[in-house]
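# coords please:
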Amino acid sequence: MLTSQRNTYWLLIAPAVLLMLVFYIYPLVQVLWISVTEPYPGLQNYEALVTRPLLHRIWLTTLRICAITTIITVVLGYLVAYAMAHVKETQRTWMMFCILLTFWLSVLIRAFAWVMLLRNEGLINQGLLAMGLISEPLQMVRNELGVIIGMVHFMLPLAVLPLYANMTGIDGRYVPAARGLGASPWFAFRHIYLPLSKPGLIAATILVFVFSLGFFITPAILGGGKVVMISEYIRVSFEETLRWGQATMLASSLLFAVLLTLALVARFVDLKKVFGAR
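Below is the predicted model:
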């Protein structure tokens, strides 16, 4: 009986395993293979990570923008999720609708919309000039500020959803009980609510940082070629300089960076519990 159940199990998961092998594992192996065989066999492409200052600058720019984006996004996402968890059902429905609506909009449309808003003749600069808050337009595109604004806007729903899912599982009687025992609102939040929402915070941080590492369209448009992140440089290596060995090496190093991030986080928290596994 046990053998029959095991055979049935493998038959059920065989299609998924086959799809993973054909459409994920095989292409990934090809990328790794090209990274150590182009233009000739060896580890010279990976050696460039250590020896080429240009790659150092690109990686530092990528990590800096991803870190800033993650911090801002998670803080804003926490505030939005906290509000959603403590408003009436009608208000919560509308808030959830607005968050999900962003997934229906093309990332290209959103990126170009931010270009229109942030450019020198855009609505934001013109509004600040009209109110007399600035004397000349602020440079908010073709720099890191514009890239971070666009990335935070795109990543915010990815932070809100896991945070909100975690907060809905927190018993609403804990904080009032602490207040009834004499705790201040800040003390009750800091020592009761915040620790209980830690799994959601960690999940949101991981999702936003990992997505940010490989983000391409928004940084390319709002950066305007002046802010080059690792994903855009991979495109340049593939399509313009035709250095496939370098491009696949950078793609592989991006994968290793994601795995390293998950490994470091896993040393301090149980990722299965963070992402809702039982």
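# can you tell me which residues contact Glu144?
For Glu144, the contact set (C-beta atoms under 8 Å, 6 or more residues apart in numbering) comprises Thr61, Arg64, Ile65, Gly223, Val227. Every residue, glycine included, has its C-beta placed from N, CA and C.
# Recalculate using a threshold of 10 Å.
Counting by C-beta atoms under 10 Å, 6 or more residues apart in numbering, Glu144 makes contact with Thr61, Arg64, Ile65, Ile68, Pro219, Leu222, Gly223, Lys226, Val227, Met229.
# now do Pro39
Applying C-beta under 10 Å, 6+ apart to Pro39 gives the contacts Asn45, Arg243, Trp244, Gly245, Gln246.
# Do I have it right that the fourth one meets Ile34?
Yes - here Gly245 lies in contact with Ile34, judged by C-beta atoms under 10 Å, at a distance of 6.4 Å.
# which residues are in contact with both of those two?
What both Gly245 and Ile34 touch, as defined by C-beta under 10 Å, 6+ apart, is the set Asn45.
# all helices in the stretch 51-200 of the chain, in order from the N-terminus.
Ranges of helices within the stretch 51-200 of the chain are 53-85, 89-101, 107-118, 123-130, 144-167, 174-180, 185-188, 194-196, 198-213, based on DSSP state H, counting those that start in this stretch.
# Quick one: closest of those helices to Ala14.
Between Ala14 and these, the shortest gap by C-beta to C-beta is with helix 198-213, which sits at 28.8 Å.
# Now render the helices of the stretch 51-200 of the chain as a markdown table, adding distance to Arg267 and mean pLDDT.
Below are these laid out as a markdown table (distance: least, C-beta to C-beta, whole Å; pLDDT from 0 to 100):
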| stretch | distance to Arg267 | mean pLDDT |
| --- | --- | --- |
| helix 53-85 | 19 | 93 |
| helix 89-101 | 32 | 90 |
| helix 107-118 | 33 | 89 |
| helix 123-130 | 42 | 88 |
| helix 144-167 | 20 | 92 |
| helix 174-180 | 29 | 84 |
| helix 185-188 | 30 | 86 |
| helix 194-196 | 19 | 89 |
| helix 198-213 | 12 | 90 |
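# closest one to Leu21 among those helices?
Among these, helix 198-213 comes nearest to Leu21, with 23.0 Å by C-beta to C-beta.
# What residues sit buried inside that closest one?
Neighbour-count burial for helix 198-213 flags 199-213 (criterion: 16 or more other C-beta atoms under 10 Å).
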